[in-house]
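Chemist: mind folding the following:
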Amino acid sequence: MTLPDTATNPAGADRTFQVDLRGLVDLLSHHLYSSPRVYLRELMQNSVDALTARRALEPAAPADAFGVRLYADGSVVRVEDDGVGLSETDVHTFLATIGRSSKRTEQIAEQRGDFIGQFGIGLLSCFLVADEIHVLSRSARTPDAPAVEWRGRGDGSYTVRTLPASAVPRPGTTVTLTPRADAGEWTRPAQVHALARHFGSLLRHPVTFDDGTGRPGDPAASVNPDPAPWTRTYPTPGARSRALAAYGENVFGFTPLDTIELDLPAVGLKGIACVLPEAVPAGRRHGHRVHVKGMLLSEQAEEILPDWAFFVRCVVDAESLRPTASRESLYEDDTLAAVRDALAERLRAWIARAAASDPDLLARFLQAHHLAVKSLAVHDDEILRMLLPWLPFETTDGHTTLDEFARTHRTVLVTSSVEEFRQVAAIASAAGLGVVNGGYTYDRELVHRLPEIRPGATVADLDPETLTAHLDPVDRETELAAAAYLAQARDALAVFDCDVALRTFQPASAPALLVDSREARHERTRSQLAREQEGGLWGDILGALRQEAPRAQLILNQLNPLVRTAVTIDEPELARTSAEALYGQAAMLSRRPLRPAESSLINRSFLDLLAHALRKDS
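Modeler: Numbering: from 1, shown residues only. Here you go, the predicted structure:
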């Protein structure tokens with residue numbers, strides 16, 4: 001914390017920025033750090049970086065020679081390490097200057113990439129929970145170096161004094177905080193231990209915790225008792241898979257459908273991706289747990305994977321990723337972009353392996369995540385080639401894979417909407433047509449790409465002409481006998497721009513089929529509006545856009561007993577009412593939204609038929 005320069009400076013002389021430390025701490029707490037709990041992570045990070053520097057000075061030391069010890073008994077929080085320590089010069093240079101990191105010294109500059117911290121402001125986070133920071137340190141770089149005591153206060157003042165080497169028996173640093181009353185939530189012993197486990201479970205140096213009960217050697221007090229599961233050796237591949245899955249379940253709270261090992265040696269990244277067992281709601285993205293050199297950086301790092309990979313959650317530990325100033329997210333640079341691309345390739349490779357060697361796993365994966373895979377296949381030709389044949393679609397043969405459906409139907413017809421599919425499904429199936437419901441997101445576009453991977457397949461949009469061409473015409477005599485009825489039916493349904501025809505088709509239980517597309521209905525609505533607005537500016541605009549709108553078509557089924565009876569009706573009003581009822585029933589079977597006029601017609605025709613039946617019986 002640089003003290004203000006109160007000397008009088010002549011005009012034009014250089015001046016020193018003055019820092020309001022209390023304002024800076026408020027800025028950190030409200031805008032840089034997500035929570036006061038990060039104070040412990042910052043202290044642990046400083047200790048781990050100090051251990052890394054100590055290891056560089058003494059590379060031959062035993063693996064467990066240096067460690068970090070945490071202490072919290074409710075009245076103080078203390079973090080002690082066996083790191084490289086600080087000299088008096090270091091204390092004046094680094095602890096009292098905001099933004100300068102002790103890792104910038106020339107002696108260890110070449111090892112800078114080995115350190116987690118990069119910004120030199122982490123110690124200030126302690127002011128989020130305490131009004132004073134007490135540091136006691138002894139440098140390992142100079143034999144018999146004296147100890148140094150530094151006290152920094154929230155008002156921007158600090159004191160430094162040297163102590164005999166005996167005050168700190170061995171090199172290292174101890175930071176002690178006396179928490180404020182309002183910081184108890186973050187400084188209670190149980191919470192300190194939990195935070196230490198949360199942030200430091202994958203640290204490579206031993207970290208222990210003591211709550212003042214006299215049991216510092218208790219195994220339960222270890223912060224990181226086990227190394228990362230992907231760094232361990234297992235007796236069999238199956239044992240390794242089970243261990244990774246158990247770790248993923250412990251971290252994320254769900255049993256993974258499968259676990260994918262992630263290993264990018266170029267950036268020192270290792271970890272796992274856990275495949276979610278259930279579909280993710282549209283628009284929701286899960287964050288991933290990212291550790292940098294063992295220290296937890298973020299639990300919600302979305303940027304580590306591309307958007308389409310929302311069927312997995314990852315936990316990774318990396319060496320070369322750069323944290324932002326808050327150390328709670330990743331700095332977007334070329335390294336992160338390369339990592340994202342490489343991890344995406346790992347996920348594609350997993351999908352390819354499942355498709356090639358584990359159809360049961362692939363089926364379970366697609367059952368849960370087919371929408372995610374479809375969205376990926378639209379933009380990824382490799383995934384399209386691998387998975388399009390396996391993807392499930394709604395068809396006239398039921399829910400089936402596109403590959404199986406294409407084997408049965410050389411020509412695959414696809415509708416443009418769900419309602420069109422529902423209108424024609426039963427009739428098309430009975431006629432032997434293979435129709436796919438293209439109304440769902442991505443489906444129509446994907447079906448049209450089928451010939452890219454099955455050159456012998458043909459895909460075409462289903463239109464009314466295609467369907468009616470497969471319906472058998474009635475003989476001339478039958479059509480002449482029904483002509484009067486058909487004319488009255490056309491007149492009754494003219495208000496809906498609907499033509500009426502008589503055909504034979506299966507199933508015989510279906511009395512009528514209404515063929516009408518959404519686009520045709522919209523065009524007829526626009527034409528009607530243009531007629532109503534004729535003569536005005538809006539009418540001229542609509543008239544310019546107007547084209548001949550295709551009419552709807554009510555196709556009556558001569559094989560149906562009810563229709564055979566209806567076409568013989570010679571009473572005009574009853575003929576009109578029966579035609580309206582057949583139209584209403586066909587419209588409801590299409591399961592499209594009914595217009596108000598259609599709902600009114602259905603009610604009216606039902607009541608008229610009921611009244612006719614009652615008059616006949618009386």
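
Chemist: and residue 132, which helix or strand is it part of?
Modeler: Element membership for residue 132 (DSSP states H and E) is strand 130-138.

Chemist: pull the contacting residues for residue 233.
Modeler: Applying C-beta atoms under 8 Å, 6 or more residues apart in numbering to residue 233 gives no contacts. For every residue, glycine as well, the C-beta is placed using N, CA and C.

Chemist: oh, I was asking about residue 144
Modeler: Under the criterion of C-beta under 8 Å, 6+ apart, the contact list for residue 144 reads residue 165.

Chemist: now do the SS call for it.
Modeler: For residue 144, the reduced secondary structure class is coil; criterion used: DSSP: H, G, I helix; E, B strand; the rest coil.

Chemist: check it and give its pLDDT.
Modeler: Per-residue confidence for residue 144 comes out at a pLDDT of 83.

Chemist: still on that earlier bit, which parts of the strand holding residue 132 are buried?
Modeler: Of the residues in strand 130-138, those buried by neighbour count under the rule 16 or more other C-beta atoms under 10 Å are 130, 132-138.

Chemist: which residues make contact with that strand from outside it?
Modeler: Residues outside strand 130-138 that contact it (C-beta under 8 Å, 6+ apart) are 77, 85-86, 91, 95, 123, 126-127, 145-154, 163, 165, 167-168, 170-180, 183.

Chemist: output the below-cut-off pLDDT ranges for the stretch 351-500 of the chain.
Modeler: In the prediction, the stretch 351-500 of the chain carries residues with pLDDT under 70 at positions 464-465.

Chemist: and the strands in it?
Modeler: If you assign secondary structure with DSSP state E, counting those that start in this stretch, the strands in the stretch 351-500 of the chain sit at 392-395, 398-401, 411-414, 435-436, 458-461, 472-473, 498-504.

Chemist: does anything pack onto the longest one? Which helices or strands?
Modeler: With contacts defined as 3 or more C-beta pairs under 8 Å, 6 or more residues apart in numbering; DSSP states H and E, the secondary structure elements packing on strand 498-504 are strand 472-473, helix 483-492, strand 552-557.

Chemist: what's the angle from the last one to helix 483-492?
Modeler: Note on geometry: by axes from the mean of the first three to the mean of the last three C-alpha atoms, to 10 degrees, strand 552-557 and helix 483-492 are set 150 degrees apart in direction.

Chemist: relative orientation of strand 552-557 and strand 498-504 in degrees?
Modeler: Angular relation of strand 552-557 and strand 498-504 on a 0 to 180 degree scale: 30 degrees, by the same axes, to 10 degrees.

Chemist: ok, residues contacting strand 552-557?
Modeler: With contact meaning C-beta under 8 Å, 6+ apart, strand 552-557 is reached by 464, 468, 471, 489, 493, 496-505, 508, 510-516, 520-521, 563, 566-567, 579, 582-583, 586.

Chemist: for the helix or strand following that strand, buried residues please.
Modeler: Next along the chain after strand 552-557, taking DSSP H and E as the criterion, comes helix 561-566. Taking 16+ other C-beta under 10 Å as the basis for neighbour counts, the residues of helix 561-566 that come out buried are 563, 566.

Chemist: list the contacts of helix 561-566.
Modeler: Residues from elsewhere that reach helix 561-566 (C-beta under 8 Å, 6+ apart): 485, 502, 511-512, 556-558, 575, 578-579, 582.

Chemist: out of the residues you listed, who's nearest residue 63?
Modeler: Nearest to residue 63 among the contacts of helix 561-566 is residue 512, at 82.4 Å by C-beta to C-beta.

Chemist: number of nearby residues for that closest one?
Modeler: Applying the criterion other C-beta atoms under 10 Å, we find 23 residues in the vicinity of residue 512.

Chemist: assumed residue 277 was part of a helix.
Modeler: No: if the criterion is three-state DSSP, then residue 277 is coil and not within a helix.

Chemist: so residue 204 sits in a helix?
Modeler: No: residue assignment for residue 204, taken from three-state DSSP, gives coil, which places it outside any helix.

Chemist: picking that back up, redo the strands of the stretch 351-500 of the chain as JSON lines? Include mean neighbour count and distance to residue 355.
Modeler: Formatted as JSON lines, the strands of the stretch 351-500 of the chain follow (neighbours: other C-beta atoms under 10 Å; distance: least, C-beta to C-beta, whole Å):
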{"stretch": "strand 392-395", "mean neighbour count": "22", "distance to residue 355": "14"}
{"stretch": "strand 398-401", "mean neighbour count": "14", "distance to residue 355": "12"}
{"stretch": "strand 411-414", "mean neighbour count": "22", "distance to residue 355": "21"}
{"stretch": "strand 435-436", "mean neighbour count": "27", "distance to residue 355": "21"}
{"stretch": "strand 458-461", "mean neighbour count": "14", "distance to residue 355": "22"}
{"stretch": "strand 472-473", "mean neighbour count": "12", "distance to residue 355": "43"}
{"stretch": "strand 498-504", "mean neighbour count": "20", "distance to residue 355": "44"}
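
Chemist: the ones you listed into CSV, with extra columns for distance to residue 249?
Modeler: Conversion of those to CSV gives the following (distance: least, C-beta to C-beta, whole Å):
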stretch, distance to residue 249
strand 392-395, 27
strand 398-401, 30
strand 411-414, 41
strand 435-436, 38
strand 458-461, 42
strand 472-473, 60
strand 498-504, 58
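
Chemist: of all those strands, which lies closest to residue 386?
Modeler: For the strands of the stretch 351-500 of the chain, proximity to residue 386 was assessed by C-beta to C-beta; strand 398-401 is nearest, at 13.1 Å.

Chemist: adjacent strands (with direction) for the closest one?
Modeler: When sheet partners are counted by DSSP bridges, strand 398-401 sits next to strand 392-395 (antiparallel).

Chemist: quick one: residue 386 from residue 347, how far?
Modeler: Separation of residue 386 from residue 347 (C-beta to C-beta, to the nearest Å) stands at 12 Å.

Chemist: hang on, I meant residue 451
Modeler: Counting by C-beta to C-beta, the gap between residue 451 and residue 347 amounts to 27 Å.

Chemist: the two: which is more packed in?
Modeler: Neighbours were tallied for residue 451 and for residue 347 using other C-beta under 10 Å; the higher tally belongs to residue 347 (22 against 14).
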